[in-house]
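Visitor: dropping the sequence and predicted coords here.
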Amino acid sequence: MIKKINELLKEVEEFATDSFDEAEEFRIRLLSKKGQISLLFNDFKALPPEEKKLVGQQLNTLKESALNKVNEIKQRIEEQKQQTSGSDKYPDLTLPVDFAEAGSRHPISIVRNQINGIFEKIGFVISEGPEIENDWHNFSALNFAEDHPARDMQDTFFVEKNPDVALRTHTSSVQVRVMNNQKPPIRTISPGRVFRNEAISARAHCIFHQVEGLYIDKGVSFADLKHVLDHFAREFFGPETKIRLRPSYFPFTEPSAEVDVSCPFCKGKGCNICKGTGWVEIMGCGMVDPNVLENCNIDSTVYTGYAFGMGIERITMLKYMVNDLRLYFENDLRFLRQFSSAW
Ligand code: DAH
């Protein structure tokens, strides 16, 4: 009997198949009621007691290894079946839906839309102009002197070495286009991308964004300018925000000023963002120079106007505390995903 057990044990060890049916046949031949192992168990009952212990152990080992073998083979065949055809051909329709990941707006777009919204509510209309501009719209009409450093290759990207065609260095060029094409009253804001020949660093970039504002009508005064800027600052940074204007110079405005807001982080107390001053600069502004009005065929004896221009990256930095300009252009998803709930 031991001999028979050992023969079957060897057979079990050597048995291998990729066929489910063969495995089942094997099981029936050995383990079913009339199978060879079951028959051995019948014979076992008749053995003298002194042999029972050893034979019993071996018989149990045989039965167990036969069972394990059949189960292993069947399980492997089942898994292979699912991996190859099953799951691809017939996906599990009861699985929960795999929602496509929603994208998010870029922080620059979020802030641009907010700025647009604030001005649209008070009657400003959005206008846009081309990113490739000629000298007239970008410089000459805006009263830049012939020898102004901005006209230098060092500062401006010229297109194909043509001194008349350049990537616009500011959105003020859109003012000229609007004034050329529309009659006052004009009330417009112009968001857009601008380009300057700067080495890229945390604080400077050769591509950035601006929003330009322009209001031309009869009797527009500096007080109107101050009022609209005050309104914008409180809408954008919060109702407790204050503004201050410092005298400055731009070729296209006279008088000109630089606009500071009370630091949105420390509320004017002084921190490292505002370098302890309590104020941060957000834009340039002024009364449109009469030369610019005349260059655009608007009678400067009848009309006056104000203009302002702000950098969107700078405002975004003050909103989200992102102070490395390169982050806005690198398209790093770890950065962009942080804005996914902001619309
Ligand atoms: N164009 C200026 C710049 O790029 C910003 C600016 C200043 C625009 C004063 C204006 C203004 O309209 O009045 O730095």
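Guide: Received it, and whenever you're ready, just let me know what you need.
Visitor: residues from the stretch 51-200 of the chain in reach of the ligand?
Guide: 170, 172 (CB under 6 Å from any ligand atom). C-betas here are computed from N, CA, C, even on glycine.
Visitor: all strands of the chain, in order?
Guide: 125-126, 132-134, 165-167, 186-195, 207-217, 243-250, 253-262, 279-288, 304-311 (DSSP state E).
Visitor: so how far is the shortest one from its chain's centroid?
Guide: Strand 125-126 has its C-alpha centroid displaced from the chain centroid by 26 Å (CA atoms, centre = their mean, to the nearest Å).
Visitor: most tightly surrounded among the strands of the chain?
Guide: Highest mean neighbour count among these (mean count of other CB atoms under 10 Å): strand 304-311, with a mean of 23.
Visitor: let me know the angle separating that one from strand 243-250.
Guide: Angle, strand 304-311 to strand 243-250, by axes from the mean of the first three to the mean of the last three CA atoms, to 10 degrees: 100 degrees.
Visitor: can I get the CA coordinates of strand 304-311 in PDB?
Guide: C-alpha atoms of strand 304-311 as PDB (Å, rounded to 0.1, in the frame of the first residue of the first chain):
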ATOM      1  CA  THR A 304      -9.300 114.700 -21.300                       C
ATOM      2  CA  GLY A 305      -8.800 111.200 -20.000                       C
ATOM      3  CA  TYR A 306      -6.900 109.000 -17.600                       C
ATOM      4  CA  ALA A 307      -5.000 105.800 -18.100                       C
ATOM      5  CA  PHE A 308      -3.500 103.100 -15.800                       C
ATOM      6  CA  GLY A 309      -1.600  99.900 -16.300                       C
ATOM      7  CA  MET A 310      -0.900  97.000 -13.900                       C
ATOM      8  CA  GLY A 311       1.100  93.800 -14.100                       C
END
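Visitor: mind giving me the packing neighbours of that strand?
Guide: Judged by 3 or more CB pairs under 8 Å, 6 or more residues apart in numbering; DSSP states H and E, strand 304-311 is in contact with helix 172-181, strand 207-217, helix 222-237, strand 253-262, strand 279-288.
Visitor: what's the mean pLDDT across the fourth one?
Guide: Looking back up the chat, that one is strand 253-262. Average pLDDT, strand 253-262: 98.
Visitor: packing partners for that strand?
Guide: Helices and strands touching strand 253-262, by 3+ CB pairs under 8 Å, 6+ apart, are helix 222-237, strand 243-250, strand 279-288, strand 304-311.
Visitor: what's the nearest residue to residue 180 if we skip its chain neighbours?
Guide: Distances taken as CB to CB, 6 or more residues apart in numbering put residue 296 closest to residue 180, at 5.2 Å, once the chain neighbours are dropped.
Visitor: how many residues are close by that neighbour?
Guide: Per other CB atoms under 10 Å, the neighbour tally for residue 296 reads 22.
Visitor: take the strands of the chain and write them to CSV, including distance to residue 25.
Guide: Listed next are the strands of the chain as CSV, based on distance: least, CB to CB, whole Å:
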stretch, distance to residue 25
strand 125-126, 79
strand 132-134, 80
strand 165-167, 79
strand 186-195, 75
strand 207-217, 73
strand 243-250, 90
strand 253-262, 86
strand 279-288, 84
strand 304-311, 80
